[in-house]
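Novice: missing the sequence, but the structure's below:
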């Protein structure tokens, strides 16, 4: 069992093609999560704004009705019924707003979208430059995983229809890694060491060697 002081990776970890592929997949997924959280924020922000507008309109109507009834000769019972009905309507609107908590959801999605945008930019900044110009591999992996874990808190709250739309949008891109929450699960990638240079076949050179071997006996 690892302790809190134990590093996530061994010291001296170097950038290689396998890590580059993993980081590229993380970057693809980060773009998807940014897209989904942005759309979720837009949806619930509109709902929250609409609910606040309805509440303010209802409160304003109560004031208008009270002033109108106070200046007219309407029976007290009628006044009570009208003001009571409007107050009940305001209470229902506020109850719906508190029950669905759209304002808090919108703020959470907005914050997560910003976090995923930052993660995407960090990964892209490392992958775009040569290995020898990048940050220490082990250190970068440690902190980028911390960022990803922090940004993933609200992933389970993303509505199903937005996840399906994300799958439709990005699933058409060749070799694009879609997050599992979108319903597309892929086989786990394992480490594959690069083949040594001595085992690489160079067809052009091999053909020249074979041709020379065939021509050599004819000279004798």
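Specialist: Structure's in. What do you need? In this text, all values refer to a predicted model and were calculated from it rather than measured experimentally.
Novice: C-alpha only now, for contacts and for neighbours.
Specialist: Will do.
Novice: next helix or strand past the helix or strand where residue 91 lies?
Specialist: In this assignment (DSSP states H and E), residue 91 forms part of helix 76-100. Remark: after helix 76-100, the chain's next helix or strand is helix 102-127, criterion DSSP H and E.
Novice: how about that following helix: buried residues?
Specialist: 102-103, 105-106, 108-113, 115-117, 119-120, 123, 126 (16 or more other C-alpha atoms under 10 Å).
Novice: packing partners for that helix?
Specialist: When contacts are defined as 3 or more C-alpha pairs under 8 Å, 6 or more residues apart in numbering; DSSP states H and E, helix 102-127 sits against helix 17-71, helix 137-151.
Novice: Quick check: what element follows the shortest one along the chain?
Specialist: Following helix 137-151 in sequence order, the next helix or strand is helix 160-170 (DSSP H and E).
Novice: what angle do that following helix and helix 17-71 make?
Specialist: Here the directions of helix 160-170 and helix 17-71 differ by 140 degrees (axes from the mean of the first three to the mean of the last three C-alpha atoms, to 10 degrees).
Novice: Quick check: buried residues in helix 160-170?
Specialist: Using 16+ other C-alpha under 10 Å as the burial criterion, the residues of helix 160-170 that qualify are 162-164, 166-167, 170.
Novice: Then stretch 16-23?
Specialist: In stretch 16-23, counting by 16+ other C-alpha under 10 Å, buried: residue 23.
Novice: cool, stretch 45-59 as well?
Specialist: 45, 47-48, 51-52, 54-55, 58-59.
Novice: Sounds good, over and out.
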